[in-house]
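1. coordinates for the following, if possible.
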Amino acid sequence: MEDKYNLLKEHIEKVVPLTDEEFAFVRECFIHKQYKKSECIFKEGEDVKYIYFVLSGLMKFYYTDKNIKQHIVSFAMEDWWETDVSAFYTRGYASFTLECLEDTELLCLSLENFEMLCNHLQKIERFFLRKSIAGHIGSQQRILSFLTLGAKERYEQLIARNPALVQRIPKLLLASYLGVSRETLSRLFS
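-> Numbers count the residues shown, from 1 in each chain. Just a heads-up that it's a prediction; the model follows:
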């Protein structure tokens, strides 16, 4: 179990250095959870109790429209964070579903512990600020790609940014993420 928390420490220290005492405090704020493939971490309409750091596995984060069509917003794999940000921070209900595509191990941080960490360790507040900014930039780039790029260019951009991720995602889900049909995606592979 100790090495699982070391993954979190290494991740944080890519942004800010931590003393052993500071990391011991950080570590106490997280809980470890395991989920099976196809299990939902949370579903639309449910409480979102945590922000999740992925130790191992792969998840999809999606919205289901009134026609029961899934719109994949993001994927999360090792060394990534995921949650329904609005529901987590406002203590509201999820607008999205977070589902495991593989057996998944997570470290989970509650809002209370998140706020306590940020209030007591300026380094952690800075860490989460940088992660939030990077996430916001990523969201804006994704929106811009839908506004300005064709399906082939969006696919090429995804491969360039996340080659390991693309290898782990079924083509049907990849097509949904790119906003194209599976047939269109198949033509891109030809």
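2. quick one: the lowest-mean-pLDDT helix or strand in the chain to chain centroid distance?
-> Each helix and strand of the chain was given a mean pLDDT (mean pLDDT, DSSP states H and E); the minimum falls on helix 182-189 at a mean of 76. Centre-to-centre, helix 182-189 and its host chain are 26 Å apart (C-alpha atoms, centre = their mean, to the nearest Å).
3. so what's R91 up against?
-> D47, L111 (C-beta atoms under 8 Å, 6 or more residues apart in numbering). C-beta: built from backbone N, CA, C; applies to glycine.
4. from N113, how far out is it?
-> 14 Å (C-beta to C-beta, to the nearest Å).
5. what's the answer for Y155, then?
-> 39 Å.
6. can you give me the helices in this structure?
-> 2-13, 20-28, 85-90, 111-120, 122-148, 151-161, 163-168, 171-178, 182-189 (DSSP state H).
7. and the angle for the least confident helix or strand of the chain with helix 171-178?
-> 90 degrees (axes from the mean of the first three to the mean of the last three C-alpha atoms, to 10 degrees).
8. Y155 and N113: which has the busier surroundings?
-> Higher neighbour count among Y155 and N113: Y155, with 21 against 17, using other C-beta atoms under 10 Å.
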